[in-house]
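Novice: fold the following for me, if possible:
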Amino acid sequence: MATPSASEQDIRQIASAMSAVLPALNRALDRRLAQDFPHPKPPESQLALLRLVGERDGVTVREAADVLLMKPNNVSALVTQLAGQGLLERRQDPADKRVAHLHLTAEARQRLDEVGSLLDGYLVEALHTLTDGDLDAIGSVLGALRGLARHIHPAAH
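Specialist: Okay, here's the model as predicted:
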């Protein structure tokens, strides 16, 4: 693992700026989505679970809880809510009847695709307002941000 040559003060300033700007960006996207999404916007915890199941079809409740940093009983409650809304299917493991594998319904896939398209559209629109230098900088930092996320929470990636 490489050791940065930046000073401790510089690293702390970067950390502080990131911890302020990333949630602000997320809130801005969330507010736009709430305005434009034609369905009731699910709470963030439900949306996070749906996204995870979309990425990891067949994930178990326990695995989802580990990735989402939630208690299994809370994930189970979300699964019950989403299944009741017709967005999630719970299928028993043939080898262990106590284990349920989670799968998106066609409606959930369509809604997640719609959410993804809206979010991508907002970001594309905003990115068009930046300079080539800004775009290059953002492109360069994406890999580092993914690595940072894996370092902070390895189970999520």
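
Novice: spit out the contact partners of the spatially most central residue of the chain.
Specialist: Centroid-nearest residue in the chain: A48, 5.4 Å away (criterion: Cα atoms, centre = their mean). Counting by Cβ atoms under 8 Å, 6 or more residues apart in numbering, A48 touches L68. Bear in mind the C-beta positions are built from the backbone N, C-alpha and C, glycine included.

Novice: from here on, call the first residue 898.
Specialist: I'll keep to 898 as the first residue from here, and by that count the last item is A945.

Novice: before we move on, which element is it in?
Specialist: helix 941-952 (DSSP states H and E).

Novice: over to G1040?
Specialist: Per DSSP H and E: G1040 is located in helix 1029-1049.

Novice: helices and strands around that helix, which ones?
Specialist: Helix 1029-1049 sits against no helix or strand, with contacts defined as 3 or more Cβ pairs under 8 Å, 6 or more residues apart in numbering; DSSP states H and E.

Novice: give the buried residues for the next helix-or-strand element following the helix holding A945.
Specialist: Using DSSP H and E, the helix or strand that follows helix 941-952 towards the C-terminus is helix 958-965. The neighbour-count check on helix 958-965 (16 or more other Cβ atoms under 10 Å) flags 958, 960-965 as buried.

Novice: got the residues you listed as JSON lines, with pLDDT columns?
Specialist: Putting these into JSON lines (pLDDT from 0 to 100) gives the following:
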{"residue": "V958", "pLDDT": "94"}
{"residue": "E960", "pLDDT": "95"}
{"residue": "A961", "pLDDT": "96"}
{"residue": "A962", "pLDDT": "95"}
{"residue": "D963", "pLDDT": "93"}
{"residue": "V964", "pLDDT": "91"}
{"residue": "L965", "pLDDT": "93"}
